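Chemist: Take a look and give me a structure for this.
(chains A and B)
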Amino acid sequence: MPFIPHTEEETRKMLDAIGVSNIDELFDEIPADLINERLDYVPPAMDEAGIRRLCKNSAQSDGHYVNFIGAGAYEHHIPAAVWQVATRGEFYSAYTPYQAEASQGTLQLLYEYQTMMASLTAMEVSNASLYEGASALAEAVLMSVRAQRKKHRILMPETINPAYRETTETIVKNQGITISNIDYSGDTGTIDLVQLNDQFTDDVAALVIPQPNYFGALEQVDELVDLAHKQGCLVIAVVNPLSLAILKAPGEWGENGADIVVGEGQPLGIPLSSGGPYFGFMCCTQKIVRQMPGRLIGRTLDAEGKQGFTLTLQAREQHIRRSKATSNICTNQGLMVTAATLYMSLMGPAGMAQAAKASHANTRLLVEKLTAIDGVEVVFNSPFFHECVLRIDTPMDDLVRAITAQGIIAGMPLGADYEGLQDCLLVCATELRTEEEMNDFALHLERIVSKG
Amino acid sequence: MTELIFEQSTAGRINNAQYQSGTFSIDDLPQALLRKTGPALPEVSEMQAVRHYTRLSQLNFAIDTHFYPLGSCTMKHNPRICNEAAMYDGFSGRHPLSPASTGQGVLSCLYDLQEILKDISGMSEVSLAPMAGAQGEFTGIAMIRAYHEARADDARQEILVPDAAHGTNPATAVMCGYTVKEIPTLDNGDVDIDALRAAVGPQTAGLMLTNPSTLGVFERQITEIAALVHEAGGLLYYDGANMNAILGKVKPGEMGFDVIHLNLHKTFSTPHGGGGPGAGPVGVSKRLVPFLPVPRIAESSGEYVLLDKNDCPQSIGRLSCFMGNTGILLRAWIYARMLGRDGMKRVADYATLNANYMKVKLEQGGFEMAYESRRATHEFILTLKKEKAETGVTAMDFAKRLLDKGYHAPTTYFPLLVPECFLIEPTESESLEELDGFIAAMEEIRRESIEQTDLVKSAPHSLPVRRLDDVRAARQLDVVWQEDAI
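Modeler: Next up, the predicted model:
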């Protein structure tokens, strides 16, 4: 019996101790007509050797592609030590640290993680993580509305990742919150300041600012933050954590900095894995920490005056507050945060800055190579960070199919989400892409475009 | 106490093995948008980092190191193969936005998991999108709301929740814009059906129920409850937290539930990881299928595809940027395939055997059960109110002393209905010796609490820290390290 240790003799002994003659009797409180042990679909059991073979085949059949998509998940180098240490059984198979004295490893690690994220974003507080980036934005929206009491409108630029907007809408739509779109400028690919100015009404709780934005373009964050604050709005920054090794931290945007910072933690040592598990991070100012959702670890003293770590501000949470909790969220993404903490420690500030710079330099090189092709051009004139929108004069579906057939994932087509960008592709080359791979991409693209 | 990583940091120390060689210009980026001073991340060698986090790991109790009978959490064995295979390059390296044609391998596994979950739950359709149990709950209640709205049945603004329910239930209902009405529980652990009858009506959107309940007993009147709610026009939500008790024995769909979520990190053994990631797939009856979240994995003439909002116009929408916690779903799928058809039922059988054995043995040892006359399901509740009255030793003291004896404590003070309680869930993976060891430790602690009360009240004594000051943690909030702050 896989994963069940009982011998027949032990089972017998246990049944005798209970005073029943067989296991079925233990289910005698369940109405008999509800018992149904028939399974029609579930196949017979496989042993480990068999399942390993099956998985190897499935994984292999997905092949190996050279990847030029970012669009919210990035293929960066992950030091070998990250997952070797993170999957130690003591981390991998522990649960939420309810018994603090028996969970100091996880708790101290999470406290260190919070400190690292606070420093990276230049914010006062970080929680112990949320599910992933898009739902973290939804939680930030809810948090801003709680902090702003009677204000229920959120200004959401078109330059946010469209999946973030959709996720936020799903999660907040039954709480009387209005999400207003802010257009982007067709020249710069960044928030249209003129249109934004008209949108500030008394009921606006927060302005969302992505940096870099979905197009890879850099927003004028200082002006945006000051503008929002002048209007009595909070600022929710949505940032790429690796970019913060070189880009200005949200806590330093404008005069007073962002109020809430969220984002996708995946670039910090988490494999792409078809979309998850990743983790979302959330940081904020001390002033609104009590409105924050999710687990928070605090440092305190034990009975002998020694330093120790424990879950704190639990009075915000569902297991205490029930229907009055800040969120229904029950856990964090512990294992992913363990990996990210290892990643940040192994890379250090210099290693992370170097990875960010190398990714940016690679994307610039890629853009240079691709735009040398007739019929390929850069769409926006703003500075970008490690991701860029290209207009390509050829039918996008055909292009994607033809390039994929060459073992290359070309980038993210934008037509489904943006009118007017039907012929546009969002491309990214992280530090892992070689010049040879870029040349290969350019070669195939040139062939396809010239045919088209 | 282990020094913080920041205290081991030396300015200018670089881990060169992880530092990409070369010089990379960022002269195209405006100065005003650049960082002036680097983040205060640790500057340590690779060995320092590895040693530090290895040492930290050793401060934890985990399933791999200790019996971990945390009630309602199903801390069963996490097979290593599940992690190994989920990390194969082909799985872990695939970008989520790659065309579906490049992911037929992973999608076939996920589709198979969907079908397996349909079979064991008796639901019409399953979505793997929710990333945790609480998000599964949110998804379920949002679908109930979308269903009523699609029928213009707008008067339904109330969700009924038994008072024994997990805190996420009422919190979820509120997130979906509903008000919550609590239904009391009878002394025997069943829902007070008269109170339920009085509570249902045209304002009822639905009822959220866990069965077996958080009280460690099977709700015997479930068919009657389902009929009551359905007759009033409400829908039934099944919180699958306790699915381990009935896996392969009872299908929630056949109990009358319209929507369910399953906690794969419980029933299907994916790692708890120090508090996540989880996965909380939802299953629905036919009438809720159009409202399932996107993306959905479907099969169309032998090819696996992802359905989006255009394919599912009534969908409640997207729950995350991509398609959920794929790597966790893969681990659950591997576990499910290793259990196979006969293994599903065996999980419930042996989880229930272990719990009932412990209940009887602890009862014989003089401990009081909250629901003495009832069978245990995969878990049961013990109350230490007698011990507290006699010696002043509380459930928390017992819990801390258990840590000294090498056992992770059961869930304490939940459910809130039972004073000084332990919710004990051994799971099917534990051996008889381990259960006997725990029982002996409980008896020993009771003896200690009479003869050496202070020893128990001041436990733990053998862990990295003594009992922690939670009040100080909340009052003098210290959540980000600063030198010399404590």
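
Chemist: So what's the residue count around B:Gln221?
Modeler: For B:Gln221, the neighbour count with other Cβ atoms under 10 Å in any protein chain shown is 15. C-beta coordinates here come from the backbone N, C-alpha and C atoms, glycine included.

Chemist: One more: A:Val261?
Modeler: Neighbour number of A:Val261 under other Cβ under 10 Å is 33.

Chemist: Report the secondary structure state of it.
Modeler: strand (DSSP: H, G, I helix; E, B strand; the rest coil).

Chemist: pLDDT value on it, please?
Modeler: Note on A:Val261: pLDDT of 98.

Chemist: Surely it touches A:Leu234?
Modeler: No: counting by Cβ atoms under 8 Å, A:Val261 stays clear of A:Leu234, with 11.3 Å between them.

Chemist: Select the helix or strand of chain A having the lowest average pLDDT value.
Modeler: helix A:318-321 (a mean of 79; mean pLDDT, DSSP states H and E).

Chemist: outside of that one, which residues touch it?
Modeler: Identification of contacts with helix A:318-321 by Cβ atoms under 8 Å, 6 or more residues apart in numbering or on different chains yields A:314-315, A:325, A:327-330, B:134, B:166-168, B:170-171, B:414.

Chemist: Sort out which of the residues you listed are in helices and list them.
Modeler: The helices, defined by DSSP state H, take in B:134, B:168, B:170-171 from the contacts of helix A:318-321.

Chemist: and those residues as TSV, adding distance to B:Pro202 and pLDDT?
Modeler: TSV is the format used below for the ones in helices among the contacts of helix A:318-321 (distance: Cβ to Cβ, whole Å; pLDDT from 0 to 100):
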residue	distance to B:Pro202	pLDDT
B:Ala134	29	94
B:Thr168	27	91
B:Pro170	21	94
B:Ala171	25	93
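
Chemist: Out of those residues, which end up buried?
Modeler: Buried by 16 or more other Cβ atoms under 10 Å in any protein chain shown: B:134, B:168, B:170-171, out of the ones in helices among the contacts of helix A:318-321.

Chemist: ok, which of those also contact chain A?
Modeler: Residues of those in contact with chain A (Cβ under 8 Å from any Cβ of the partner chain): B:134, B:168, B:170-171.

Chemist: list the buried ones in the least confident helix or strand of chain A?
Modeler: Neighbour counts over helix A:318-321 (16+ other Cβ under 10 Å) mark A:318-319, A:321 as buried.

Chemist: out of those residues, who's nearest A:Leu247?
Modeler: The closest of the buried residues of helix A:318-321 to A:Leu247 turns out to be A:Gln318 (Cβ to Cβ; 35.0 Å).

Chemist: Please name the nearest non-neighbouring residue to B:Gly38.
Modeler: Distances taken as Cβ to Cβ, 6 or more residues apart in numbering or on different chains put A:Pro349 closest to B:Gly38, at 4.2 Å, once the chain neighbours are dropped.

Chemist: List the contacts of the one you found.
Modeler: A:245, B:38-41, B:43.

Chemist: Also B:Thr65?
Modeler: Applying Cβ under 8 Å, 6+ apart, the residues contacting B:Thr65 are A:89-90.

Chemist: circling back: any of the contacts of A:Pro349 buried? List them.
Modeler: Neighbour-count burial (16+ other Cβ under 10 Å) applied to the contacts of A:Pro349 gives A:245, B:38-41, B:43.

Chemist: number of nearby residues for A:Tyr418?
Modeler: For A:Tyr418, the count of nearby residues is 16 (other Cβ under 10 Å).

Chemist: Repeat that for the one 3 residues further on.
Modeler: For A:Leu421, the count of nearby residues is 20 (other Cβ under 10 Å).

Chemist: Quickly check: stretch A:207-224 near chain B or not.
Modeler: Yes: using Cβ under 8 Å from any Cβ, stretch A:207-224 reaches chain B at A:218, A:221-222.

Chemist: Now do the helices in the stretch 351-486 of chain B.
Modeler: Remark: helices assigned in the stretch 351-486 of chain B by DSSP state H, counting those that start in this stretch are B:385-391, B:395-404, B:432-451, B:453-457, B:470-475.

Chemist: again, but for the stretch 101-250 of chain A
Modeler: Counting by DSSP H, counting those that start in this stretch, the helices of the stretch 101-250 of chain A are A:104-121, A:133-147, A:162-172, A:193-199, A:221-230.

Chemist: re the thing from before, and the contacts of A:Pro349, which is closest to A:Thr394?
Modeler: Among those, and counting by Cβ to Cβ, the member closest to A:Thr394 is A:Ala245, at 36.1 Å.

Chemist: thought that closest one was touching B:Thr37?
Modeler: No: in this structure, A:Ala245 is not within contact of B:Thr37 by Cβ under 8 Å, at 11.6 Å.

Chemist: Just the CA atoms of stretch B:106-125, as PDB, please.
Modeler: Extracted in PDB, the C-alpha atoms of stretch B:106-125 (Å, rounded to 0.1, in the frame of the first residue of the first chain):
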ATOM      1  CA  VAL B 106       2.300  19.200 -19.000                       C
ATOM      2  CA  LEU B 107      -1.300  19.900 -20.100                       C
ATOM      3  CA  SER B 108      -2.000  16.200 -20.500                       C
ATOM      4  CA  CYS B 109      -0.900  15.700 -16.900                       C
ATOM      5  CA  LEU B 110      -3.100  18.500 -15.700                       C
ATOM      6  CA  TYR B 111      -6.100  17.400 -17.800                       C
ATOM      7  CA  ASP B 112      -5.700  13.900 -16.300                       C
ATOM      8  CA  LEU B 113      -5.700  15.400 -12.800                       C
ATOM      9  CA  GLN B 114      -8.900  17.300 -13.600                       C
ATOM     10  CA  GLU B 115     -10.600  14.000 -14.700                       C
ATOM     11  CA  ILE B 116      -9.300  12.200 -11.500                       C
ATOM     12  CA  LEU B 117     -10.700  15.000  -9.300                       C
ATOM     13  CA  LYS B 118     -14.000  14.900 -11.100                       C
ATOM     14  CA  ASP B 119     -14.200  11.100 -10.500                       C
ATOM     15  CA  ILE B 120     -13.400  11.300  -6.800                       C
ATOM     16  CA  SER B 121     -15.600  14.300  -6.100                       C
ATOM     17  CA  GLY B 122     -18.600  13.400  -8.300                       C
ATOM     18  CA  MET B 123     -18.700  16.800  -9.800                       C
ATOM     19  CA  SER B 124     -19.400  17.700 -13.500                       C
ATOM     20  CA  GLU B 125     -16.400  19.800 -14.100                       C
END
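
Chemist: tell me how far that stretch is from the chain's mean position?
Modeler: How far stretch B:106-125 lies from its chain's middle: 20 Å, per Cα atoms, centre = their mean, to the nearest Å.

Chemist: So for it, what gets flagged as buried?
Modeler: B:106-114, B:116-123, B:125.

Chemist: for stretch A:148-157, same thing?
Modeler: So stretch A:148-157, judged by 16+ other Cβ under 10 Å, has buried residues A:148, A:151, A:153-157.

Chemist: would you turn those into CSV with pLDDT and distance to A:Pro5?
Modeler: Formatted as CSV, these follow (pLDDT from 0 to 100; distance: Cβ to Cβ, whole Å):
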residue, pLDDT, distance to A:Pro5
A:Gln148, 95, 55
A:Lys151, 96, 58
A:Arg153, 97, 58
A:Ile154, 98, 53
A:Leu155, 98, 58
A:Met156, 98, 53
A:Pro157, 98, 56
